[in-house]
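[1] this one's sequence-less:
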């Protein structure tokens, strides 16, 4: 499994906003600081605000910010906006199984692995990543 560029950028941009909390940031500032191509970055920010990962404040003094209580947004919340976590296609679509139409033990094992992966991403909160990064560079 490999995440696409949008997902990677979305995580970086969200973490940047978490680190800047509660400041309002311009989309241009976020895109530039995170070194994301401008058009792609603004598209990602739109998706993140549409899915309530980031908050968009309209108007002259508006901007974008991360405005959630601690341990509310996990990596999974960001990832699911851009990806379908799929290990093999037969897990959810037995018709795609050329072997036994979903009656294969490998399918069950792959589903279990996918569920473990999803649960792991759900347990990684963006604030924790920022805290660990701060601790790493503090010492």
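    Nice, thanks for sending it over. Worth saying up front: this structure is predicted, and the values here are computed from it rather than measured.
[2] report the central residue of this protein.
    Of all residues in the chain, the one closest to the mean position by C-alpha atoms, centre = their mean is residue 78, 2.3 Å from it.
[3] that one contacts residue 53, correct?
    Yes - using C-beta atoms under 8 Å, residue 78 is in contact with residue 53, at 5.9 Å. For every residue, glycine as well, the C-beta is placed using N, CA and C.
[4] what do the two both touch?
    Common contact partners of residue 78 and residue 53 (C-beta atoms under 8 Å, 6 or more residues apart in numbering): 10, 14.
[5] show me what the strand or helix carrying the residue nearest to the centre of the chain is packed against.
    Per DSSP states H and E, residue 78 falls inside helix 75-82. Secondary-structure packing of helix 75-82 (3 or more C-beta pairs under 8 Å, 6 or more residues apart in numbering; DSSP states H and E): helix 5-19, helix 38-50, helix 105-122, helix 126-138.
[6] what's downstream of the second one, the next helix or strand?
    Going back to what we said before, that points to helix 38-50. Next helix or strand after helix 38-50 toward the C-terminus (DSSP H and E): strand 55-57.
[7] all set, thanks.
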